[in-house]
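Need coordinates for the following:
(one chain, ligands or ions: 4)
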Amino acid sequence: MADDLSITRVRGCCPHDCPDTCATITEVRDGRAVNFYADNDHPLTQGWLCAKVRPYLERVYHPDRLLYPMRRVGPKGGDQWERISWEAAIGEITRRWQGIIAEYGAAAIQPYSYSGTLGLLQLGICNTRLWNRMGASGLERAICGAAAETVVETTLGARWAPDPADIVHSKLVILWGHNPASTAPHVMPLLRKAQKQGAYIVVIDPRRTLTSRSANEHIQPRPATDGALALGLMHVIFGEGLHDEAWLERHSLGWRELRERVAAFDPERVAAITGVPAETIVNLARRYATTKPALLKPADGLQRHGNGGQTFRALCCLPAVAGHYGVRGGGLAYSTGGYVRWDAEAVGHASACPPTPRTVNMNRLGAALMGEANDPPIKALYVFCSNPATIAPNAGLVAQGLQRDDLFTVVHELFLTDTARYADIVLPATSQLEHVDLHKAYGHRNLQYNHAAIPPLGECKSNWDVMRLLAAGMGYTEPWLHESAEEAIRGVLDATRAGNPRLAEVTLERLQAEGTVPLPFAGDDGVPFADGYFPTPSGKVELRCDRLAAEGIDPLPDYHVPAEFQTRAADELVLISGAAHHFVTSSMANQASLLAKEGTPFVEINPSDAASRGIADGETVVVENTRGWCQLRAVVTEDVPVGVAVAPKGFWGKLSPGGRNINWTTSDALADVAGQSTFHSNLVRVRRAELTPA
Ligand SMILES: Nc1nc2c(c(=O)[nH]1)N[C@H]1C(S)=C(S)[C@@H](COP(=O)(O)OP(=O)(O)OC[C@H]3O[C@@H](n4cnc5c(=O)[nH]c(N)nc54)[C@H](O)[C@@H]3O)O[C@H]1N2
Ligand SMILES: Nc1nc2c(c(=O)[nH]1)N[C@H]1C(S)=C(S)[C@@H](COP(=O)(O)OP(=O)(O)OC[C@H]3O[C@@H](n4cnc5c(=O)[nH]c(N)nc54)[C@H](O)[C@@H]3O)O[C@H]1N2
Ligand code: SF4
Ligand SMILES: [Mo]
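Ligands and ions are numbered 1, 2, ... in the order given. Below is the predicted model:
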């Protein structure tokens, strides 16, 4: 077919919180995107997009897109708005901020953002520069992977992971608390290929998942007991002399202390804790220690328990004990995020700014708004790239906080989300097709440039363009608050290149021309820790970790029952609320075609738990605890073990029955490491909706 000359093809990439960071092509005719698909040239994307992002033009041209700034009229959350100009919006916001700064100091201004896009410019630069300059309250970004990031960096020295393509060299892959069929789909064909070549795939997950269906073995520990399981595996490996002592002697710190620690985790005890038969534990330990190469592949969901940090620590130790680090097809595949670390000073210019006056943990937003942050209280909230009323734990408290009459809230969004509804001023945001950005990935080792394919819809503006207007409105004249998008990206890329030889050949021009640029890795350099060197203070893998000890954390991995579970009543279920297949957290959860595929908001429970509660499949149930309740459709299924309930994250409250979602029940307690979220350490009761509570 002859090329249609009226169509231009624009390279971009998927901005969402997903390890695959796919390369995309947008076809544009007369300023309108008419087609959107995967770039065939990208090594991981391989020419296809996931179910969520394939219909992306439905999102970009959604009839509900916000197209101009609006001011609230009527009560908070009352859905009454008037259109205002950008000039009026910026004028009002900066006037209000100046007043708050004069009365309370800039610490009373709280920015809140997370993973609407993962771009360097629209997220990384936008969540630092203006706020640093202002001296605003900091945000502890601990909702997703903080504990794992911390323990991987302290144990191994760097967040390095193999190229996903190396999975085909593995003979054993353990997917531990990870559901890539939904959350990292481009890994699945590689797993299939490895399996065809004889690899044995184990999934460790309390529930049956899309991923576990095609595994060779599915091990189902009780939720939050994985720490004990991992220590139990090490117990068997040490006990049977299957550990790699020569390697441990040369490349690890504290292996004898670890051996002492795991002595208490014999298979019988671990079986009693985890519910996994002792024989299964012994067999897995033997298989893991004797199969080479063996890859351990956990993801972020595993750590969302009160003991998530130590659980992940135990996982980081396992490949060392069995001698799997530094081997192609082996080791730990958590995140590739550490190969490029954007130069922090170039990103945020903190050295030219006042110190951050205080930091609020994003998991505690509701509590912080309701008084936990009190010196000074939060008087203004600026939300972008996140939808905390939907995605933050203890959402009822978040909603309460957002309704405070004395809180001035601005939300920069593409849609009138659960959060935007409570704003005083809503600003319209561009989509990834309407702005430029530079992306690195956490699931592969390529950098990607995203060109703007179409002009902004309506009066939408990108995060960076809004930051520049806000800076001007505040009277800030520093040139780094007024750079063009391209200047800002170039500045960070150049500064990062100066300290990272892998970027020697990676210029902005090349990124713009080629779209995807792989980081260079030659031979064994591509295998993390192949030379036996770990960039920790000791140069070794720190099984005993003194840096954690210095923070008051047990320097050896251990297992503890999360606080939430210590007083569990017989009729309480452990509720896991992980990824929905058709949304990325709450993004896309307002698209009719995807909502239809995901179905009405639901909770899965085991037939025996359903029977004892008189619940039939399809019935409306209430899921509740002391934090709150929500109303869901019961799905009665053997996919979920007895004592466990599963409800996906991401459904919008305003599009759900009763106006609430599962996060009205989840806990805002923090885990053992790095202020990590504990969404899955959540005890609930489930009952038929027409019954009143006992
Ligand atoms: N389709 C889709 N993809 C996504 C997302 C999405 O919302 N939807 N979200 C993105 C984001 S933000 C992230 S952080 C990643 C998360 O990626 P994943 O970690 O793969 O996803 P989760 O569903 O959070 O958790 C994975 C699995 O952990 C299991 N799990 C929960 N508790 C335990 C436990 O105690 N032990 C064990 N062994 N397993 C447990 C859950 O049953 C779940 O199947 O996915 C990203 N990709
Ligand atoms: N129950 C439960 N809740 C969870 C989790 C769980 O496992 N269970 N997981 C948690 C995890 S891992 C994560 S990462 C968080 C994710 O939570 P969030 O980071 O809040 O992610 P999203 O739900 O995708 O919401 C992102 C919002 O940003 C908007 N957005 C996208 N691009 C742009 C842009 O360029 N500019 C602006 N201004 N806005 C933009 C989108 O429209 C969307 O409304 O959720 C957490 N919530
Ligand atoms: S969500 Fe993940 S798999 Fe889907 S297009 Fe984006 S990067 Fe690719
Ligand atoms: Mo996440």
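
when you scan stretch 191-204, is anything in it near ligand 1?
Yes: Stretch 191-204 lies within reach of ligand 1 by CB under 6 Å from any ligand atom, at residue 204. Backbone N, C-alpha and C define where each C-beta goes, glycine included.

Which other helices and strands does whichever strand or helix holds residue 360 contact?
For residue 360, the host element (DSSP states H and E) is strand 359-361. Strand 359-361 sits against strand 138-140, with contacts defined as 3 or more CB pairs under 8 Å, 6 or more residues apart in numbering; DSSP states H and E.

Relative to the strand it packs on, what are the paired strands and their orientations?
Using DSSP bridges, the strands paired with strand 138-140 in its sheet are strand 359-361 (parallel).

moving C-terminal of the strand it pairs with, what's the next helix or strand?
Counting by DSSP H and E, what follows strand 359-361 is helix 365-367.

List the neighbouring strands of the next helix or strand after that following helix plus their orientation.
Going down the chain from helix 365-367, the next helix or strand is strand 380-384, by DSSP H and E. Looking at strand 380-384 with DSSP bridges, its partner strands are strand 109-113 (parallel), strand 408-413 (parallel).

need the residues of this structure near ligand 3, please.
Contact residues (CB under 6 Å from any ligand atom) of the chain with ligand 3: 14, 16, 18, 20-22, 49-50, 52-53, 185-186, 584.

hmm, 5 Å instead?
Residues of the chain lying near ligand 3 by CB under 5 Å from any ligand atom: 14, 16, 18, 20, 22, 49-50, 53.

Show me those that map onto helices.
The members of the residues of the chain next to ligand 3 all map outside helices under DSSP state H.

for the residues you listed, which one is nearest residue 579?
Residue 579 has its nearest neighbour among the residues of the chain next to ligand 3 in residue 18, at 9.5 Å by CB to CB.

what's near enough to touch the closest one?
By CB atoms under 8 Å, 6 or more residues apart in numbering, the contact list for residue 18 reads 50, 183-184, 443, 584.

what's the answer for residue 409, then?
Residue 409 sits next to 380-383, 402, 422-425 when contact means CB under 8 Å, 6+ apart.

Need the residues you listed in TSV (columns: distance to ligand 2 and pLDDT).
Below are the contacts of residue 409 laid out as TSV (distance: CB to the nearest ligand atom, whole Å; pLDDT from 0 to 100):
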residue	distance to ligand 2	pLDDT
380	16	99
381	14	99
382	10	99
383	8	99
402	14	98
422	13	98
423	12	98
424	16	98
425	13	98
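
ok, back up a step: quick check, distance from the strand holding residue 360 to the centre of its chain.
Remark: strand 359-361 is offset 18 Å from the chain centroid, using CA atoms, centre = their mean, to the nearest Å.

Identify the residues contacting it?
For strand 359-361, contacts defined as CB under 8 Å, 6+ apart pick out 110, 137-140, 142, 368, 373, 378, 670, 675.

Could you check it and say which residues are buried?
360-361 (16 or more other CB atoms under 10 Å).

Pull up the residues of the chain that are close to ligand 2.
Residues of the chain lying close to ligand 2 (CB under 5 Å from any ligand atom) are 114-117, 122, 144, 384-387, 391, 412, 414, 417, 429, 463, 577, 585-587, 649, 663, 666, 679.
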